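Student: predicted structure and sequence below. I'll ask about it afterward.
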Amino acid sequence: MKKKIHSEAILRIIGLNKYFGEEHILKSISTTIKKGEVVAIMGPSGGGKSTFIRCINRIEEPTTGQVYFGDLEVTGSKNKICDIRRDIGMVFQNFALFPHLTALENIMLAPTKVKKISKEKAKLKAMALLKRVGLEDKANSFPEQLSGGQQQRVAIARSLAMDPTILLFDEPTSALDPEMVREVLDVMVSLAEEGMTMVVVSHEINFIKEAASRVLVLVNGEIIEDGSSKQVIEKPSHQRTKEFLGNLL
Amino acid sequence: MLDFDINEIKHIFFNMEVMEGQWGLLFSGLWVTVKIAAVSIIFSTILGLLVAIVRIQNNSAYNLLLIAYLEFCRATPIVVALIVVYFGLPFLNITFSPFQSAVIVIVFVHTAYIGEAFRSGILAINKSQNEAAQSLGLNQIQTYQYILVPQAFRIVLPTLANQWTGIIKDTSICTILAITELLKAAQIIAAWKANPTPLVMSTLMYLLILIPLTIFTMRLEKNARIKK
Ligand SMILES: Nc1ncnc2c1ncn2[C@@H]1O[C@H](COP(=O)(O)OP(=O)(O)O)[C@@H](O)[C@H]1O
Ligand SMILES: [Mg+2]
């Protein structure tokens, strides 16, 4: 598999701190994510992985620090956050499809309402995306009529419909029955192969080995490892990482 | 001992001779009631939704005001409110027609309850719905319009149907005003004929309004495609 790593920075995170009350959840995190990178974030539960990924598009408000998306500052009030968010896709652990809309309507909503694309164009595109995730026959199904794996694939298609520059995934397969994990990972692998920039919180070791160009390990709000997947998984530098990976296998 | 003659009951309560020539008045009363109810339902539902959305923003000044308003509505009998608006406000040179007074009072009171229903409906929606909408770039208004309100509507529909029924029943407070709605029309005929049959007919007519409303809400619920 070819990994095109360009030097163009998509995300720059500088001194990011997050407190929940007195609790210091993210401790001055800095990192840069470049175009085409697939960055996996691993780490024990409660370490701050979700909080970190949610601070990137300000679904969670960072306490201090800056996030830059290209040249645009995400933090602060200079740029309109909605305009930035439409280019940053996000896939949630619990899918978060809109239950009152069909699969097709879920995918068409943001392109028609946010980007003001015509219904006809949005529908063509949504159908193509459904086909791509293998669900063209489910266009008119409601979320409750779909399995978890199918819902998550629709959710990925929904994010892709906005033509995002980067996709954020927060444990996209951890709410799924084991037999459905693969169908979702397959879609993610194909996105990685096409050069989509992705940040993925995941503990799917095989997916990480296959698709991730870089692995961050986040423990107690700090990045304790940052290297290629081979490096981090096979020769971790911290005892804490070894223990954690040992528990996974 | 209950010892009623069925014919006597018919003669007193279901006396169609009494109704002869009176249906016109009763139906015009029904029409007034329907108008008051329809206007009140529309306004209190829309305003209730707005109140709920303001409440959810957690602006403490507005919240305090709205909580005071809610408590006021809970504590005040609706007839008292109507008397204040219709008979009291003219002393301040604020005069409303009977129709306007009725709608104002009913909307004022029911908006409070419908607002609380919508608020709990919106709060019952998983917060990841809001986050998913925001992550797609929807702004706050769009998030309410396309995601939160449609879902809240489905959640509160049974409560809403109850409130709407309550509004229809509350139109009967208008009997104290110079407006001939359904109950007033029935009272007039009953007094004039010295027979309660028109009152019985008016209760049947309230039922007549409730049936389409019930069918309407049942259809809405059927279309509400969320199973909780
Ligand atoms: N909304 C919140 N309010 C208070 N504490 C929170 C909130 N969200 C997360 N936390 C706390 O922050 C810490 C990190 O949580 P999270 O980012 O979800 O970790 P992870 O995704 O790595 O499991 C946990 O201790 C969690 O309890
Ligand atoms: Mg998490």
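Tutor: In hand now; what should we look at? Ligands and ions are numbered 1, 2, ... in the order given.
Student: and A:Val189, what's its pLDDT?
Tutor: At A:Val189, the model reports a pLDDT of 97.
Student: where's it relative to ligand 1, distance?
Tutor: Computed as C-beta to the nearest ligand atom, to the nearest Å, the A:Val189 to ligand 1 distance reads 23 Å. The C-beta positions use only the backbone N, C-alpha and C, and glycine is treated the same way.
Student: show me what contacts that residue?
Tutor: The contact partners of A:Val189, taken as C-beta atoms under 8 Å, 6 or more residues apart in numbering or on different chains, are A:Phe207, A:Glu210, A:Ala211.
Student: show me what counts as buried in the helix or strand the first one falls within.
Tutor: Which is A:Phe207. Element membership of A:Phe207, judged by DSSP states H and E, is helix A:205-211. The neighbour-count check on helix A:205-211 (16 or more other C-beta atoms under 10 Å in any protein chain shown) flags A:Ile205, A:Phe207, A:Ile208, A:Glu210, A:Ala211 as buried.
Student: contact partners of that helix?
Tutor: So helix A:205-211 is contacted by A:1, A:38, A:40, A:42, A:185, A:188-189, A:192-193, A:200, A:202, A:215, A:229-230, A:233, A:248-249 (C-beta under 8 Å, 6+ apart).
Student: and what of stretch B:107-126?
Tutor: A:94, A:96, B:40, B:43-45, B:47-53, B:55-56, B:66, B:69-70, B:73-74, B:76, B:78, B:81, B:148-149, B:151-153, B:155-156, B:159-160, B:163, B:166-167, B:170.
Student: out of these, which are inside helices?
Tutor: B:40, B:43-45, B:47-53, B:55-56, B:66, B:69-70, B:73-74, B:78, B:81, B:149, B:151-153, B:155-156, B:159-160, B:163, B:166-167, B:170 (DSSP state H).
Student: put the buried members of the residues you listed into a ChimeraX selection.
Tutor: Entered in ChimeraX, the line below selects the buried ones among the ones in helices among the contacts of stretch B:107-126, by 16+ other C-beta under 10 Å:
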select /B:40,43,44,45,47,48,49,51,52,53,55,66,70,73,78,81,149,151,152,153,155,156,159,160,163,167,170
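Student: ok, and of the ones in helices among the contacts of stretch B:107-126, which contact chain A?
Tutor: B:Gln151 (C-beta under 8 Å from any C-beta of the partner chain).
Student: now the buried members of the contacts of helix A:205-211.
Tutor: A:Val38, A:Ala40, A:Met42, A:Leu185, A:Met188, A:Val189, A:Ala192, A:Val200, A:Ser202, A:Val215, A:Ser229, A:Ile233.
Student: how about the residues you listed in TSV, adding secondary structure?
Tutor: As requested, the buried ones among the contacts of helix A:205-211 are exported to TSV (DSSP: H, G, I helix; E, B strand; the rest coil):
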residue	secondary structure
A:Val38	strand
A:Ala40	strand
A:Met42	strand
A:Leu185	helix
A:Met188	helix
A:Val189	helix
A:Ala192	helix
A:Val200	strand
A:Ser202	coil
A:Val215	strand
A:Ser229	helix
A:Ile233	helix
